[in-house]
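>>> below are the sequence and a predicted model; questions follow.
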Amino acid sequence: METFLFTSESVNEGHPDKLCDQISDAVLDACLAQDPDSKVACETCTKTNMVMVFGEITTKAEVLVNIEQQSPDIAQGVHGHFTKRPEEIGAGDQGHMFGYATDETPEYMPLSHVLATKLGARLTEVRKNGTCPWLRPDGKTQVTVEYYNDNGAMVPVRVHTVLISTQHDETVTNDEIAADLKEHVIKPVIPEKYLDEKTIFHLNPSGRFVIGGPHGKDPTKVDRSGAYIVRQAAKSIVANGLARRCIVQVSYAIGVPEPLSVFVDTYGTGKIPDKEILKIVKENFDFRPGMMTINLDLKRGGNRFLKTAAYGHFGRDDPDFTWEVVKPLKWDKPQA
């Protein structure tokens, strides 16, 4: 049996990149909570003892200072200074987004991604509940899974490598770190059937990691909302039994509501031809930015976007993640 390796990474909430994402998305959440029509393109950067927030924001919310409003030229092209109906709202930028789904896990995500994300979340859990008091917020996880190709579908065989790099206090030894990570992080997360005597563990492989280092776009920014809708489309295709594995792509031009293209590839696992699945996708999903905003309820405030800024946007069981809801798709199964 010929196999191959595939790797996924997850970054903890204390990592500087994730801190920046959380700040940007918290600003977005705050704007949407006070003004659901806020237009937000917020970026954050940080260094020790310094956080800088940049971007363009147009909002009635009184939460910001020294951030410019959205370019009036872009505002006119995208939402007509709030005069356009939802179905007329154009994409906030050009670009293309991909949505992916696979039947190898209940989350319809690659096993490597699921395990890496759960390891990261578990690191945070045992840090906060005191199980591993030596842990600090910064950290990364990475999992390599060995797969075989079953006529286009990815079937996991075993976990090849587990890599965890985590910040810690000065009192703990490398041996204690490795033992605690295996017992309290890896063991509860990775099913025993995927681990064997050949599984490689790299636990803080660089040694000492005491000093750590220190997203925000509204739904008209299709690199966010477009990615959500194609994930929902791909997941719905797999969950409805149309394919075992699927990727969906959508592309946009700035200011234009209708997508330039929609593409579907089931890697040869489709129960019907891909062109027929594409037709089903177009009939069931509205890729216009204004309609994606309504159908996925993306104007709602709260902390929903802040939650996406750590441990991923996809494959999570959370009612705020509306794009993870499987949509029923009607199709005629071929006769046996």
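Good, I have the coordinates.
>>> ranges for the strands of this protein?
Under the criterion DSSP state E, strands of the chain are mapped to 3-11, 39-47, 50-58, 95-102, 135-150, 153-168, 200-203, 245-252, 261-265.
>>> mind checking which of those strands is nearest residue 293?
strand 39-47 (11.6 Å; Cβ to Cβ). C-beta here means a position set from N, CA and C on the backbone, and glycine is covered the same way.
>>> mind listing what's buried along the closest one?
39, 40, 41, 42, 43, 44, 46 (16 or more other Cβ atoms under 10 Å).
>>> quick one: that strand to strand 50-58, angle?
170 degrees (axes from the mean of the first three to the mean of the last three Cα atoms, to 10 degrees).
>>> show me how far strand 39-47 is from its chain's centre.
With Cα atoms, centre = their mean, to the nearest Å as the basis, strand 39-47 stands 18 Å off its chain's centre.
>>> pull the CA atoms of it into CSV?
Presented in CSV, the C-alpha positions along strand 39-47 are these (Å, rounded to 0.1, in the frame of the first residue of the first chain):
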residue,chain,number,x,y,z
LYS,A,39,-17.1,48.6,7.4
VAL,A,40,-13.9,47.3,9.0
ALA,A,41,-10.5,46.5,7.7
CYS,A,42,-8.4,46.4,10.9
GLU,A,43,-4.8,45.3,11.2
THR,A,44,-2.7,44.9,14.3
CYS,A,45,1.0,44.6,14.9
THR,A,46,2.8,44.2,18.2
LYS,A,47,6.2,44.1,19.8
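>>> need the strands of the chain in TSV with mean pLDDT and distance to residue 182, can you?
Formatted as TSV, those follow (pLDDT from 0 to 100; distance: least, Cβ to Cβ, whole Å):
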stretch	mean pLDDT	distance to residue 182
strand 3-11	84	18
strand 39-47	84	32
strand 50-58	84	35
strand 95-102	90	28
strand 135-150	91	13
strand 153-168	92	9
strand 200-203	89	7
strand 245-252	90	32
strand 261-265	88	39
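>>> on that earlier part again, in a markdown table, list the buried residues of strand 39-47 along with distance to residue 11.
Shown next, in a markdown table, are these (distance: Cβ to Cβ, whole Å):
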| residue | distance to residue 11 |
| --- | --- |
| 39 | 28 |
| 40 | 22 |
| 41 | 22 |
| 42 | 19 |
| 43 | 17 |
| 44 | 15 |
| 46 | 14 |
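>>> just give me the closest of the residues you listed to residue 221.
Residue 221 lies nearest to residue 41 out of the buried residues of strand 39-47, by Cβ to Cβ, at 6.4 Å.
>>> okay, now residue 257: neighbour count?
For residue 257, the count of nearby residues is 21 (other Cβ atoms under 10 Å).
>>> for the closest residue to it other than its chain neighbours, grab phi and psi.
Closest residue to residue 257 apart from its sequence neighbours, by Cβ to Cβ, 6 or more residues apart in numbering: residue 288 at 4.4 Å. Listed backbone geometry of residue 288 is phi -70, psi 130, with angles given as degrees, to the nearest 10.
>>> and the nearest residue to residue 85 once chain neighbours are set aside, how many residues sit next to it?
Counting by Cβ to Cβ, 6+ apart, residue 85 lies nearest to residue 290, which is 7.2 Å off, once chain neighbours are set aside. Other residues lying near residue 290 total 22 when counted by other Cβ under 10 Å.
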